[in-house]
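> Show me how the following folds:
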Amino acid sequence: MSRNLFGEKSSNWKGGKIEIKCTHCGESLFRNKCNISKERGNFCNNKCYGEWQSKNIVKEKVANYAGGLVATNCIICKKTFYTYPLRIKRGESKFCGHGCFSEWKKSLKAEKSNQWRGGKILVKCEQCGKEFKVYPSDVSNGGGRFCKHECYGAWRTENMRGEKNTAWKGGTTQESVLIRGHKKSEVWRKSVFERDGYACKVCGDKTGGNLRAHHIKHFSKIIQEIKEKYPLLSTTEISGDCKELWDISNGITLCEPCHKMEHKKK
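Model prediction:
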């Protein structure tokens, strides 16, 4: 910047610094004329400004002062307490504390509550016949039929199996699906994984959820032999006692890609 633009020659020149006294402590200080008009420019430091503000910017001296705390009475215990006029104007500050507010809520009649649903009525459990209380709206929505989950489960077992189930399709579930869902199948699968250290015996993959327990002598061949040996009996029931089907020496851990390749070879 050129020397010709310093001081009085500058368009922003305010007359330079002048000596003034701190509004709070009276100590001399130098300030630019443009800062003297500002409130904080009349103090030597923040400490002086804070002390002056704590004495002079309180209650009625504040521009948005609303009258301070006023006395009012609790509508429950009639105790006098203090609050702001604005809260009273809004319909707030009716209680001196949470205890009185809780007492007021308890005193409300059920009919005045926003969650009132007509009160509970007595009904009988469709399974055990025991009487219990339930809301009328639950009954109208198809609920409130059982007193507990155990009764509902027992009712489903009796009324929602086989031909009684709306999703019944004549017992078309494949035998292989039923046999693989047998509890022995899960035990066999876990035993094969543990023996092989949860790793594919071909590529060594240990990725969780990517492993399959594969029958060395194929599952379908074993089932076919059972059918040929016992043509008049249920394959699903006999399979539970088939030692060859659940022998872990007839199992091997494979990852999904290796398992698909094994079946392609077949």
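> can you map out the strands along the stretch 101-250 of the chain?
Ranges of strands in the stretch 101-250 of the chain, per DSSP state E, counting those that start in this stretch, are 121-124, 131-134, 211-215.
> residue boundaries of the helices in the protein?
33-36, 46-56, 85-89, 98-107, 136-140, 149-159, 175-180, 183-195, 219-229, 235-239, 256-265 (DSSP state H).
> can you tell me which of these comes nearest to residue 125?
Closest of the helices of the chain to residue 125 is helix 149-159, at 5.4 Å (criterion: C-beta to C-beta). (C-beta placed from N, C-alpha, C; glycine too.)
> residues of the closest one that come out buried?
Neighbour counts over helix 149-159 (16 or more other C-beta atoms under 10 Å) mark 151, 155 as buried.
> ok, now stretch 258-266?
Neighbour-count burial for stretch 258-266, counted by 16+ other C-beta under 10 Å, picks out 258-259, 262.
> deepest of the strands of the stretch 101-250 of the chain, which one?
strand 211-215 (a mean of 19; mean count of other C-beta atoms under 10 Å).
> could you say what helices and strands it packs with?
helix 183-195, strand 251-255, helix 256-265 (3 or more C-beta pairs under 8 Å, 6 or more residues apart in numbering; DSSP states H and E).
> Identify, out of the ones you listed, the most deeply packed stretch.
Ranked by mean neighbour count under mean count of other C-beta under 10 Å, these are led by strand 251-255, which reaches a mean of 22.
> got a list of contacts for stretch 77-96?
The contact list for stretch 77-96 (C-beta atoms under 8 Å, 6 or more residues apart in numbering) reads 66-76, 100-101, 104.
> Just the buried subset of those residues, please.
72, 74, 76, 100.
> still on that earlier bit, and of the helices of the chain, who's closest to residue 247?
Nearest of these (C-beta to C-beta): helix 183-195, 8.1 Å.
> Just the CA coordinates for that closest one, please, in CSV.
Below are the C-alpha coordinates for helix 183-195, written out as CSV (Å, rounded to 0.1, in the frame of the first residue of the first chain):
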residue,chain,number,x,y,z
LYS,A,183,-33.3,-82.8,14.5
LYS,A,184,-30.7,-85.4,13.8
SER,A,185,-29.8,-83.6,10.6
GLU,A,186,-28.8,-80.5,12.5
VAL,A,187,-26.7,-82.6,14.9
TRP,A,188,-25.0,-84.4,12.1
ARG,A,189,-24.3,-81.1,10.2
LYS,A,190,-22.7,-79.5,13.3
SER,A,191,-20.6,-82.6,14.1
VAL,A,192,-19.2,-82.6,10.5
PHE,A,193,-18.3,-78.9,10.8
GLU,A,194,-16.6,-79.4,14.2
ARG,A,195,-14.6,-82.4,13.0
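> So what touches it?
Contacts of helix 183-195 (C-beta under 8 Å, 6+ apart): 179, 211, 213, 240, 245-246, 248, 251-253.
> out of those, who's nearest residue 157?
Relative to residue 157, and with distances defined as C-beta to C-beta, the nearest of the contacts of helix 183-195 is residue 240, at 21.2 Å.
> now the contacts of stretch 77-96 as a markdown table including pLDDT and distance to residue 196?
Shown next, in a markdown table, are those (pLDDT from 0 to 100; distance: C-beta to C-beta, whole Å):
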| residue | pLDDT | distance to residue 196 |
| --- | --- | --- |
| 66 | 60 | 78 |
| 67 | 65 | 82 |
| 68 | 72 | 80 |
| 69 | 80 | 77 |
| 70 | 84 | 81 |
| 71 | 88 | 81 |
| 72 | 91 | 78 |
| 73 | 92 | 79 |
| 74 | 91 | 74 |
| 75 | 89 | 75 |
| 76 | 88 | 72 |
| 100 | 89 | 69 |
| 101 | 89 | 65 |
| 104 | 83 | 69 |
